[in-house]
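>>> coordinates only, no sequence provided:
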Ligand code: SF4
């Protein structure tokens, strides 16, 4: 039987100065590189988009290739809240509480039309987008989005994570953003 060779693609190093035996770059670039390739997602799946996420975690698409095979079902050990599915207004306070329980730095993806805008459910009982209760970093369109789209949204988050200045979370602008959502 022919042996299968594993191939690995290393993460690109950040910009910097290199010479034989040394490499110098900025601290926030190194921290960003590490964070972007070890994101722990918290999947908050309420309906059909969650099934697409299951496929995204499966062998064909394998989100583990991006360093995110470790899902977190505890908000306190999660970096990325992935909201997938219809969020009823009754469910809104729970999503808000989960976001509050996550430690900084934290990011959010709204996966699919329902999470992004209520989708086809323009009714009294459905939240018309989770950005009414928590700040959202990336929106993934589709009803449902395919796993490729979820992965693309995830890679957009990776870009944000890699480029985020270390002091952003202490900035007055960020505090102002959280205050709009009633988060201290
Ligand atoms: S966006 Fe479409 S597929 Fe996703 S949860 Fe809503 S109705 Fe289901």
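Everything's here; your move. Note that the structure is a prediction, hence the values are computed from the model and not measured. Residues are numbered from 1 along each chain as shown.
>>> which residues does the closest residue to residue 131 other than its chain neighbours form beta bridges with?
Using CB to CB, 6 or more residues apart in numbering and skipping residues adjacent in sequence, the residue nearest residue 131 is residue 110, 7.0 Å away. Where C-beta positions appear, they are placed from N, C-alpha and C, glycine not excepted. When assigned by DSSP bridges, residue 110 has beta-bridge partners residue 83, residue 139.
>>> now residue 110: how far from the ligand?
Per CB to the nearest ligand atom, to the nearest Å, residue 110 is found 10 Å from the ligand.
>>> just to check, that residue is in contact with residue 128?
No: under the criterion of CB atoms under 8 Å, residue 110 makes no contact with residue 128, lying 11.7 Å away.
>>> quick one, which of the two is more surrounded?
Using other CB atoms under 10 Å, the more surrounded residue of residue 110 and residue 128 is residue 110, with 26 against 16.
>>> which strands and helices sit next to the longest helix seen in the chain?
Longest helix of the chain, by residue count under DSSP state H: helix 147-163. Counting contacts by 3 or more CB pairs under 8 Å, 6 or more residues apart in numbering; DSSP states H and E, helix 147-163 packs against helix 27-36, helix 48-57, strand 107-111, strand 138-140.
>>> to residue 148, which of the ones you listed lies closest?
With CB to CB as the criterion, residue 148 lies closest to helix 48-57 of the helices and strands packed on helix 147-163, at 8.8 Å.
>>> show me what from the chain comes close to the ligand.
47-49, 85-86, 112-114, 119, 143-144 (CB under 6 Å from any ligand atom).
>>> what's near enough to touch residue 25?
For residue 25, the contacting residues are 13-17, by CB atoms under 8 Å, 6 or more residues apart in numbering.
>>> which one of those residues is nearest to the ligand?
For the contacts of residue 25, the residue nearest the ligand by CB to the nearest ligand atom is residue 14; the value is 35.7 Å.
>>> under the pLDDT cut-off, which ranges of this protein? List them.
For the chain, the stretches with pLDDT under 70 are 1-4, 6.
>>> just want the most central residue of it.
Centroid check for the chain by CA atoms, centre = their mean gives residue 80 as the closest residue, at 3.9 Å.
>>> name the nearest residue to residue 35, ignoring sequence neighbours.
Residue nearest to residue 35 in three dimensions, not counting chain neighbours: residue 161, with 5.0 Å by CB to CB, 6+ apart.
>>> please verify my assumption that that neighbour contacts residue 32.
Yes: the criterion here is CB under 8 Å, and residue 161 meets it with residue 32 at 6.2 Å.
>>> one step back: okay if I get the helices and strands packed on helix 147-163 as TSV plus distance to residue 73?
What follows is the helices and strands packed on helix 147-163, written out as TSV (distance: least, CB to CB, whole Å):
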stretch	distance to residue 73
helix 27-36	20
helix 48-57	13
strand 107-111	16
strand 138-140	21
